[in-house]
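Student: pasting the structure only:
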């Protein structure tokens with residue numbers, strides 16, 4: 001099984017060209033890791049739906065749209081245990097949180113082997129999105145906010 005690493009190259013290059021070079025060099029040295037070009041949201045969602053799970057390895061995160069999208073698309077989530085991720089991922093309820101590479105490997109193996117866990121994380125993730133991040137409710141809330149600013 002290979003891992004596809006999808007990184008918005010243009011955005012990163014505009015923000016941090018040194019980091020872009022580090023990521024590209026690291027990917028070249030990694031077996032089974034591939035760097036994909038920028039994808040449209042439709043292409044990204046299609047790729048996500050063909051994936052086994054979403055991994056968020058960010059060391060610092062706000063509210064991760066990628067995690068919310070993965071939950072909405074029915075993917076299990078493995079995320080680094082940082083405040084932004086932990087605010088939306090409840091460990092072993094809506095996803096799995098890890099703090100070290102060893103814990104990531106252990107939880108990944110557990111997720112691969114435990115179909116009941118996979119199903120529970122997907123079901124609870126979808127429920128979380130419906131309850132807490134319903135797109136229609138959020139659209140109405142943002143529209144009201146914009147109206148009050150004018």
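Tutor: Here it is on my side, so go on. Owing to the predicted nature of the structure, the values given are computational and were not obtained by experimental measurement.

Student: Other residues contacting the lengthiest helix in the chain?
Tutor: Taking DSSP state H as the criterion, the chain has its longest helix at helix 115-132. Applying Cβ atoms under 8 Å, 6 or more residues apart in numbering, the contact partners of helix 115-132 are 68, 70-72, 74-77, 88, 90, 92-96, 110-111. All C-beta spots, glycine's among them, are computed from the backbone N, C-alpha and C.

Student: Rounded mean pLDDT for it, please.
Tutor: Along helix 115-132, the predicted confidence averages to a pLDDT of 95.

Student: same deal with stretch 43-59?
Tutor: Mean pLDDT, stretch 43-59: 80.

Student: follow-up on the earlier one: got the buried residues for the longest helix of the chain?
Tutor: The neighbour-count check on helix 115-132 (16 or more other Cβ atoms under 10 Å) flags 117-118, 121-122, 124-125, 128-129 as buried.

Student: Kindly report the same for stretch 78-97.
Tutor: 78-80, 82, 84-85, 88-89, 94-97.

Student: Quickly list what residue 96 is bridged to.
Tutor: For residue 96, the beta-bridge partners are residue 78 (DSSP bridges).

Student: Which residues are in contact with it?
Tutor: 76-79, 89, 107, 110-111, 121.

Student: tell me the pLDDT at it?
Tutor: 97.
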